[in-house]
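Peer 1: build the 3D model from these lines:
(one chain, ligands or ions: 1)
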Amino acid sequence: MTRFNTQLVHGLPVHDNTTGAVNPPIYNSSTYAFESVDAMPRWDYARSGNPTRDFLEGQIAQLEHGVRGFAFASGLAAIHAVLSTFSPGDRIVVGKNIYGGSYSLFNEFFSRWGLCIEAADTADLESLERIIAGNDGDGNDGGKQATPAKAVYFETLTNPLLQVNDVQAIARIAQRHGTHVIVDNTFVTPYLQQPLDLGADVVIHSATKYLAGHSDVIAGLVVAKDEDFAQRIYFAQNRIGGVLAPAECDAVRRGMQTLSLRMERQQDNALAIAQYLLAHPLVRKVNYPGLPGSGENAAAKGLRGFGGVLSFEVVPGVDPSTVLDNLHVFRLAVSLGAVESLAELPCRMTHFELPREERLKVGITDELIRLSVGIEDVSDLVEDLGQAFDKAYEELPAEDVESQLRSGAFA
Ligand SMILES: *Cc1c(COP(=O)(O)O)cnc(C)c1O
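Peer 2: As a prediction, the model looks like this:
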């Protein structure tokens, strides 16, 4: 058996390619000929499957240690397909603090569709177990048999605060109640954690982010641990039809070949930037699980690394928009996980759909800036941040600077 980096580069052997091409071909065919009426070919119609998609699906299954992979037209199409394997009336426990599009899909689509979506703090394992078990803790069950949740859904690292969810601990709880575990592994990829090995049943990716890694394709991937779940997901993929087109499958495949190299550089750069920010007088808080102290905690939860996304808060009085508007190497944009560095203001750009009170409750303040660190020279990134902070400092009203100095904010 080959190892992870070899699997990234080569995937599974291609058997239908007699040309010697070192890359699997892109098959631009929607239909495949039968040799005779009775001879059902391996592929007949490209929505149901095609060799280009098969290659990527086999590869992600191999990388995530599952039985079968599935490629979708977006991360949300992937999540939609997985959730559609449940039935109206089923209770699904969903981690607080998930990707906004997923939150909206659960609460504005699947709740209308009859799934009972219940939010839970996945960091508070005791209350999580009560919610999964179906005991709401108010003592008013009246002796009724509690119905455990059908599934628990959460992200490995929360966005944009980068809290680490303990897949193994959550899976252990879920297994006690026969509850399926679905993990969105977008922020860490199989390079840093393979959730199926830690007890998850299904792992989902927005491959748009780290897996493809170049901000040039929208894609979603799913891997199932067992054949039963895989068959239900295949039904959803083939019948709802949100499949990834062959050319996009190839773009994801090519991106994935360099996943480890990109991720290593992104992590090195992210850690250096987190340390720079920690020491900067205009920064009051840095969220990055790779920082000393938080790192051990994260490693204990099964992570081999911490990815390239971090967030930080500027001190009161400093306008975070001024910092962002003055960045030149960092591009001001949503999304993450690509070779180029991106910066954004969650309260205005990625998390504006959350009511302000909700946002503040989970810690997404108006001063919070999120960075997705790329593979550039880290000195260019640090200098870029430095000159943007200088601009924001120059714009501070004089009385603000004085009161900040008195309060020791710039100490
Ligand atoms: C981007 C993202 C999604 C949605 O994926 P799309 O490819 O944009 O549909 C889901 N989950 C997480 C964690 C994401 O970052």
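Peer 1: I92: neighbour count?
Peer 2: The local packing count at I92 equals 21, with neighbours defined by other CB atoms under 10 Å. (C-beta placed from N, C-alpha, C; glycine too.)
Peer 1: contact partners for E64?
Peer 2: Taking CB atoms under 8 Å, 6 or more residues apart in numbering as the criterion, E64 is in contact with N185, P190, Q194, P195, L196, V203, V223.
Peer 1: now do R265
Peer 2: For R265, the residues meeting the contact criterion (CB under 8 Å, 6+ apart) are I375.
Peer 1: and Y45, its phi and psi?
Peer 2: Main-chain dihedrals, Y45, degrees, to the nearest 10: phi -150, psi 130.
Peer 1: from the ligand, how far out is it?
Peer 2: Note on Y45: its distance to the ligand, by CB to the nearest ligand atom, to the nearest Å, is 24 Å.
Peer 1: how far does stretch 23-39 stretch from start to finish?
Peer 2: Stretch 23-39 stretches 29 Å from its first residue to its last (CA to CA, to the nearest Å).
Peer 1: with secondary structure, neighbour count and distance to G305 added, can I get the contacts of E64 in TSV?
Peer 2: TSV is the format used below for those (DSSP: H, G, I helix; E, B strand; the rest coil; neighbours: other CB atoms under 10 Å; distance: CB to CB, whole Å):
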residue	secondary structure	neighbour count	distance to G305
N185	coil	26	13
P190	helix	26	12
Q194	coil	23	13
P195	helix	31	15
L196	helix	24	18
V203	strand	32	17
V223	strand	30	20
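Peer 1: start and end of stretch 94-102, how far apart?
Peer 2: 10 Å.
Peer 1: now that stretch, how far from the chain's geometric center?
Peer 2: For stretch 94-102, the separation from the chain centroid amounts to 10 Å (computed by CA atoms, centre = their mean, to the nearest Å).
Peer 1: buried residues, that stretch. List them.
Peer 2: Taking 16 or more other CB atoms under 10 Å as the basis for neighbour counts, the residues of stretch 94-102 that come out buried are V94, G95, K96, N97, I98, Y99, S102.
Peer 1: what's near enough to touch the first one?
Peer 2: The reference is to V94. By CB under 8 Å, 6+ apart, the residues touching V94 are Y103, F106, I117, E118, A119, A120, V152, Y153, F154.
Peer 1: rewinding a little: quick check: which of the buried residues of stretch 94-102 are also close to the ligand?
Peer 2: Restricting the buried residues of stretch 94-102 to those near the ligand by CB under 6 Å from any ligand atom leaves Y99, S102.
Peer 1: among the buried residues of stretch 94-102, which ones are in strands?
Peer 2: Cross-referencing the buried residues of stretch 94-102 against strands under DSSP state E gives V94, G95.
Peer 1: which residues touch whatever residue of the chain ends up closest to the ligand?
Peer 2: Of all residues in the chain, G75 sits closest to the ligand, with a separation of 2.2 Å (CB to the nearest ligand atom). Applying CB under 8 Å, 6+ apart, we find G75 in contact with 99, 101, 184, 186, 204-209, 218-220.
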